[in-house]
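**Student:** I'd like to go over a predicted model; first the sequence, then the structure.
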Amino acid sequence: MELKQVHEGVHKRKLKKRVGRGPGSGHGKTGSRGSKGQYASAGAKMFSALFEGGQTPLFRRSPKRGFSQGRYAEDHIEINVGDLEGKCQKGEDVSLDSLKSKKVLKGSATILRVLGEGDLNTALNVKANHVTKSAREKIEKAGGKIELIPAPKKPVRNKMKPRPAKEGV
């Protein structure tokens, strides 16, 4: 390759398409919009990917029933008691943050659940949102302590006071 061939075929400045500038431009008269029709005018917007040609869209045709908790459910992550055995020292505090910092757990979960699969011989101080019955037994048997993190309070939905009952009705 020679030095003069380096930039061959490379266009640094691409000119924009100038429409409606007469027949010599190649985009004259109708400005590449065809003749007449909905999309020939200046203010018309092109249809979206969900547009089905005037037919009622599939989303509007399908029945909508029920309610999904998916929007509101918080992410939680589980860990077994047996997994804590080799990863933590004796008397150490075990929480979601400490497990993430040791790279035992990954992800953006905010709730820690401790499950009871495996054996535990090390006394640990566990701070979790939920501990199963079998996990609780194994942690306490090893000489550890469990501190449950309380769930957030549920919002008060109806702040209206009940009306007093009318007498004589």
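**Tutor:** Now that the structure is in, tell me what you want to look at.
**Student:** and Ala135, how many neighbours?
**Tutor:** 25 (other Cβ atoms under 10 Å). Glycine gets a C-beta too; all of them are placed from N, C-alpha and C.
**Student:** residues of the host helix or strand of it that come out buried?
**Tutor:** Using DSSP states H and E, Ala135 sits within helix 133-141. Of all the residues in helix 133-141, those buried under the rule 16 or more other Cβ atoms under 10 Å are 135-136, 138-139.
**Student:** could I get these in CSV, plus columns for pLDDT and distance to Leu99?
**Tutor:** Output for those, formatted as CSV (pLDDT from 0 to 100; distance: Cβ to Cβ, whole Å):
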residue, pLDDT, distance to Leu99
Ala135, 95, 15
Arg136, 95, 18
Lys138, 94, 17
Ile139, 94, 15
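**Student:** what's the farthest-apart pair in those?
**Tutor:** Greatest spatial distance in these: Arg136 and Lys138, 7.5 Å, computed using Cβ to Cβ.
**Student:** need the overlap of contacts for the two.
**Tutor:** Shared contacts of Arg136 and Lys138 (Cβ atoms under 8 Å, 6 or more residues apart in numbering): Gly116.
**Student:** before we move on, the earlier item: ok, so of the buried residues of helix 133-141, who is nearest Thr110?
**Tutor:** The closest of the buried residues of helix 133-141, once distances to Thr110 are taken by Cβ to Cβ, is Ala135, at 19.4 Å.
**Student:** now the closest one: closest residue in space, sequence neighbours ignored.
**Tutor:** In this structure, Ala135 finds its nearest non-sequential neighbour in Gly116, 3.8 Å apart by Cβ to Cβ, 6 or more residues apart in numbering.
**Student:** show me where this structure has its helices.
**Tutor:** Ranges of helices in the chain, per DSSP state H, are 58-61, 81-87, 96-101, 133-141.
**Student:** CA atoms of the shortest one as CSV?
**Tutor:** In this case it means helix 58-61. Extracted C-alpha coordinates of helix 58-61, given in CSV (Å, rounded to 0.1, in the frame of the first residue of the first chain):
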residue,chain,number,x,y,z
LEU,A,58,-52.9,-7.5,19.0
PHE,A,59,-52.4,-5.9,22.4
ARG,A,60,-55.8,-4.3,22.4
ARG,A,61,-57.5,-7.4,21.1
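**Student:** contacting residues around that helix?
**Tutor:** 50, 52.
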